[in-house]
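1. sequence and predicted structure are below.
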Amino acid sequence: MLSILRRVALIFLAVIFFLLLAAGLAHGAIDGKVLEEDFYKEQLEKNDFYTVVYADVMPELEAVPDYYGSIQLSDEEVAQLTARIFPPEWLKAEVERLLDNLMPWLRSNTDNLDMAVDLEAIKEDASPIIRAFLRQKIDSLPDCPPGQVPDLSSVYRGVLPECLPGGPIRNAIEEQALNEAMKFVDVNISLAPDTIDLVDEAKSSGETREQFLSNFDGLRRAAKDVTRIPQAAFYGGMAAVLGLIMALNMPNWRRALRWMGGTMFFSGLILAVTFAILASMVPGQVADAVSENATDLPTAASTLLGNMASSGTKDLAMGFILPSAIIAGLGLVCFLVSFVNARRNGDQA
């Protein structure tokens, strides 16, 4: 009877160890990755986010914001000009700053969520950038045929002429056309906002900022509860369970090692295999789901988001596999050691 009770208790403790290991790894993934801004920064770098934005996404976007109005520019010229106005180093700095503000708010470390993008410096630099760009474009206009007078009446509205007079007067006409076009550009720049608050952009028209942010109260409470639990609590719990398993098998230390090793081995093996399968299957499904649901975004943008979601999911799964494999390996070592120099009559299992 005592032997049966001992075995039931050992099996129960083995299950508790498995649950503690799974919970500890889940806690580490959430607290150490999902709720950490560095995890998302790494995903951005890993998926060449900033390169793809300029190479693939921007050509599919309209001007953001439209600093150059309706000046006749090709899609390629728009992408080039937008990249000059919003340089990669500015975009990276802003994205990382927003992450540095968002994640502490999500963890409830602060109640102040600043998601405003400051465009004042961009606006100050935009005019000379566009002026230099338009000067090159106007310089490239062909000379008008003899007797043809270019139509400069619409330049002030951003419509450039098809040609310019050749000869000594060309430089003066170019400067005139450029100055007229820049009046139009400068008006558009002045109308652009000094800041764009992403929270205001995301909320509904009839919804206040506070109402919109209150939708995330449950998520913030859950994040706070997770971060409140120290990771050491799970390690301590697992150590305590293994200690009880050893105690229930004493004074037979070989049997104690076999139970402890078996508990660690099978717990780690189950989790490692499970998440290895998930790592091979789920990321692709996540990428497809994101791409299918991001129908309002340009194709390149939805593809980029899908790739990042897939990469992040795979990294989270890998965060379970390696620690689980280590636990399984240690358990196997303990199990094998229990058979070293075993007595001929063996130990009672």
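-> Perfect, thanks for sending it.

2. C-alpha only now, for contacts and for neighbours.
-> OK.

3. count of neighbours near residue 89?
-> When counting by other C-alpha atoms under 10 Å, one arrives at 9 neighbours for residue 89.

4. quick check: it is in a strand.
-> No: assignment of residue 89 by DSSP: H, G, I helix; E, B strand; the rest coil gives helix, placing it outside any strand.

5. can you pull the buried residues of stretch 130-150?
-> Using 16 or more other C-alpha atoms under 10 Å as the test for burial, stretch 130-150 gives 130-131, 134-135, 138-139, 143, 150.

6. residue boundaries of the helices in the protein?
-> Ranges of helices within the chain are 2-29, 37-46, 49-52, 75-85, 88-106, 120-139, 170-191, 198-202, 209-214, 217-228, 231-249, 253-293, 299-337, based on DSSP state H.

7. check those helices for me: which has the lowest mean pLDDT.
-> Ranked by mean pLDDT, these end with helix 75-85 at the bottom, a mean of 81.

8. the closest residue to residue 6 other than its chain neighbours: what's it in contact with?
-> By the measure of C-alpha to C-alpha, 6 or more residues apart in numbering, the closest residue to residue 6 outside its immediate chain neighbours is residue 248, 6.9 Å from it. Contacts for residue 248 (C-alpha atoms under 8 Å, 6 or more residues apart in numbering) come out as 6, 10, 256.

9. buried subset of these, written for PyMOL?
-> Here is the PyMOL command that selects the buried residues among the contacts of residue 248 (16+ other C-alpha under 10 Å):
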select buried, resi 10+256
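
10. tell me which of the contacts of residue 248 is nearest to residue 191?
-> Using C-alpha to C-alpha, residue 10 is the member of these that lies nearest residue 191, at 72.5 Å.

11. what about the closest one, distance to residue 269?
-> Residue 10 sits 18 Å away from residue 269, going by C-alpha to C-alpha, to the nearest Å.

12. ok, now residue 285?
-> Distance, residue 285 to residue 269, by C-alpha to C-alpha: 24 Å.

13. which one's more surrounded, these two?
-> Comparing residue 285 with residue 269 by neighbour count (other C-alpha under 10 Å), the higher total belongs to residue 269, at 20 against 14.

14. give the contact list for the nearest residue to that one once chain neighbours are set aside.
-> Using C-alpha to C-alpha, 6+ apart and skipping the chain neighbours, the partner closest in space to residue 269 is residue 328 (5.5 Å). Contacts for residue 328 (C-alpha under 8 Å, 6+ apart) come out as 264-269.

15. number of residues surrounding residue 177?
-> By other C-alpha under 10 Å, 24 other residues sit near residue 177.

16. hang on, isn't residue 31 packed against residue 227?
-> Yes: with contact defined as C-alpha atoms under 8 Å, residue 31 reaches residue 227; the gap is 5.8 Å.

17. between the two, which one's more packed in?
-> Between residue 31 and residue 227, counted using other C-alpha under 10 Å, residue 31 has the larger neighbour count: 20 against 17.

18. distance of that one from residue 318?
-> Distance, residue 31 to residue 318, by C-alpha to C-alpha: 15 Å.

19. what's in contact with stretch 150-167?
-> With C-alpha under 8 Å, 6+ apart as the contact definition, stretch 150-167 has outside contacts at 69-72, 138, 141-145, 148-149, 170, 173-174, 177, 180-185.

20. same thing but at 10 Å, please
-> 68-73, 134, 137-149, 170-174, 176-185 (C-alpha atoms under 10 Å, 6 or more residues apart in numbering).

21. any idea how far apart the tips of it sit?
-> Per C-alpha to C-alpha, stretch 150-167 runs 14 Å from first to last residue.

22. tell me, what residue is most central in this structure?
-> residue 40 (3.8 Å; C-alpha atoms, centre = their mean).

23. isn't that one right up against residue 313?
-> No: between residue 40 and residue 313 there is no contact under C-alpha atoms under 10 Å: 11.5 Å.

24. mind checking pLDDT for residue 348?
-> At residue 348, the pLDDT value in this model is 46.

25. residue 345 now?
-> So, for residue 345, pLDDT stands at 46.

26. for residue 28, which non-adjacent residue is closest in space?
-> Sequence neighbours aside, residue 231 is the residue nearest to residue 28 in space, at 7.0 Å (criterion: C-alpha to C-alpha, 6+ apart).
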